Each structure stands twice: as structure tokens, then as C-alpha cells.
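Q: Quick one, structure for this:
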Amino acid sequence: MLAGENYVCGRALATVTYLSLTLGKPLFLEGEAGVGKTEIAKAIAAALGRRLIRLQCYEGLDAASAVYEWNFAAQMIAIRTAEAGGGADRDALQSELFAEEYLIERPLLQAMRPQAGGAPVLLIDELDRTDEPFEAFLLEALSDFQVTIPELGTVKAPEPPIVILTSNRTREVHDALKRRCLYHWVDYPDFDREMEILHARAPEATETLSREIVAFVQKLRTEDLFKRPGVAETIDWAKCLLALDVLDLSPEVISDTIGAILKYQDDIQRLQGSEAKRLLDEVRKDIAAQ
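A: Numbering: from 1, shown residues only. So this is what the prediction gives:
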């Protein structure tokens, strides 16, 4: 199913994904940035024909921002309109102001609503960016798949959403949350699997260029870099080289396009001058020896 959406993965990840879908348990994916954690949620949603609802986590995210908020501007207009009309019933007005028409649904509440085509895929992305109070709230929400709106009551999902949580492990996520999920560490792929991924995502690249790209990126991951390039950077670099009609790598081409794979100036500086040529020579020697 995943391969049908051009998502290439190993047997272990495919198995834990199958078990998550079959048992209805959230799937918790940890790994370095750019290894395909977010993409698997997109692939599952596309393959099953479900809606993808994404909650992008950030520092300071709270339950109100993740679940719902009231449209205060529309509520104020309604109040002003009622006052202008005169004789507004206070209780009736309050009841109207907290009706669903003034409710702005955020990702967690959207995921609890019935969806055409079946339960949605809820992607909770980069959970490690949030703090512990939000984790505690999420623990309750994912246990019963329901959220409470004080003015309206409890909203329970008629069918639990398919939940994918991701973390770049900038901090440890609490064990209580992990225990409610199936867990998998998404690592950098080996040479053969990264070749498969590149063939799926950038099929226009020649075999020679693809091998050089993958081998060079894999060589970079062994260097002492501040941020090692992920699979996403491999694909981006291949597309950049194709846009420039590059047939094979050279130190000049690497220097011109290095911003596609390295995102920190200190790392880019390391590859200036003869360093890029040294790495490329080692890569070609390794490819010749295969």
C-alpha cells in the first residue's frame, strides 16, 4: 500500500504501520529530521482515501489552540447587533453566542468529527517541541478520543482517527504517552533503500547520477556535521541537479548546489575547496568497488 504511494520503507516500519491500522493504536515515530516520518502519514491518508488533519506542534502550544477557540470578532458583531435592536434577552443572547456557528475548530476537534470516507488521519507533528502540560492533555484526549468544550459539552469521535505522532527527539517524550502507542525509530536508510526512494521520488535521474548522489549523501552522514542531511535533502538535491541538467557530480556542481543538502554555514564551509573533491573521489572509489 505504501509503495503504491511512492513511500519506500523496510519490513519493520511496514509491519508496525500495519499493526497500528489493524489494532487502532496510535503510531509514535521518532528519528532525525528528514527521514520520512511526516511523509508516512501523508501516504496512509492518500492510500486509504482519508482526510489528513495535521497538528504542527510548537513551543507554547496549549489545549485551546489545538482543540478550539471562539470567533470573538463574530461574537462582538452579534452583541452589537442585538444591542442596536434593543430589548435583547441576555440568556438567549448568551446561548446564541456560544453556538457551534461561532466555534473555530482546531485539528484535535476536527479529528473527532465524522468525516466523509471514514475516520481521518491525525498527524501530530514534532511533539517534542511542546511542553509536558500539553503532553498530559494529549494523553487524556488520545485515551478516550474525546474532547470537552465547557460551553457545549463533550465531543466524542464516532470512529477513532488514525493517529501518527512524530518526534525529532530534541527532548524525551513522557513514557505514559509512549506506552499508549506502537513505537518505531525511523533511521537513515542504507544505500540500496535510499536508491529505491530516489528512483520513486526522482525517476528522471540516471542510474549513474542517482548512485553518485546517494553515495555522496551517505558519505556526508559519516562526517562531523552540525546537521546531517536526511532523505528529504537527498531528493531535493537530485531535483536541483536535474533542473540544471547535470549528468554527473563534480566539485564545482557540489559547491554550487550544496545549499540543497546542508543548511548550516559551518557545515557548508567544511566542504569548500578541496574537501568536496576528496569526498567525491572517495565516493567514486567506493562505487567502483561495489
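Q: For the rest of this, base every contact and every neighbour count on C-alpha atoms.
A: Will do.
Q: Who are the packing partners of the strand or helix carrying Ala41?
A: Under the criterion of DSSP states H and E, Ala41 resides in helix 37-48. In terms of contacts (3 or more Cα pairs under 8 Å, 6 or more residues apart in numbering; DSSP states H and E), helix 37-48 is packed against strand 27-31, strand 52-56, strand 121-125, strand 162-167.
Q: JSON lines for those, including mean neighbour count and mean pLDDT?
A: As requested, the helices and strands packed on helix 37-48 are exported to JSON lines (neighbours: other Cα atoms under 10 Å; pLDDT from 0 to 100):
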{"stretch": "strand 27-31", "mean neighbour count": "23", "mean pLDDT": "97"}
{"stretch": "strand 52-56", "mean neighbour count": "19", "mean pLDDT": "96"}
{"stretch": "strand 121-125", "mean neighbour count": "24", "mean pLDDT": "97"}
{"stretch": "strand 162-167", "mean neighbour count": "24", "mean pLDDT": "97"}
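Q: so which of those gets nearest Ile235?
A: Of all the helices and strands packed on helix 37-48, strand 27-31 sits nearest to Ile235, with 17.8 Å by Cα to Cα.
Q: mind listing the helices for the stretch 1-150 of the chain?
A: With helices called from DSSP state H, counting those that start in this stretch, the stretch 1-150 of the chain shows them at 11-23, 37-48, 63-67, 72-85, 90-97, 107-112, 132-144.
Q: just those helices: most buried one?
A: helix 107-112 (a mean of 23; mean count of other Cα atoms under 10 Å).
Q: hmm, who's touching it?
A: Under the contact criterion Cα atoms under 8 Å, 6 or more residues apart in numbering, helix 107-112 has outside partners 53-55, 66-68, 119-122, 145-147, 155-161.
Q: still on that earlier bit, check the offset of the helix holding Ala41 from the chain's centre.
A: 10 Å (Cα atoms, centre = their mean, to the nearest Å).
Q: Let me see the mean pLDDT of it.
A: In this model, helix 37-48 has an average pLDDT of 96.
Q: and that helix, C-alpha only, in CSV?
A: C-alpha atoms of helix 37-48 as CSV (Å, rounded to 0.1, in the frame of the first residue of the first chain):
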residue,chain,number,x,y,z
LYS,A,37,8.2,10.4,9.5
THR,A,38,5.7,13.0,8.3
GLU,A,39,5.5,11.5,4.8
ILE,A,40,4.2,8.2,6.0
ALA,A,41,1.1,10.0,7.4
LYS,A,42,0.5,11.6,4.0
ALA,A,43,1.0,8.2,2.3
ILE,A,44,-1.5,6.5,4.6
ALA,A,45,-4.1,9.2,4.1
ALA,A,46,-3.7,9.1,0.3
ALA,A,47,-3.8,5.3,0.1
LEU,A,48,-6.9,5.0,2.3
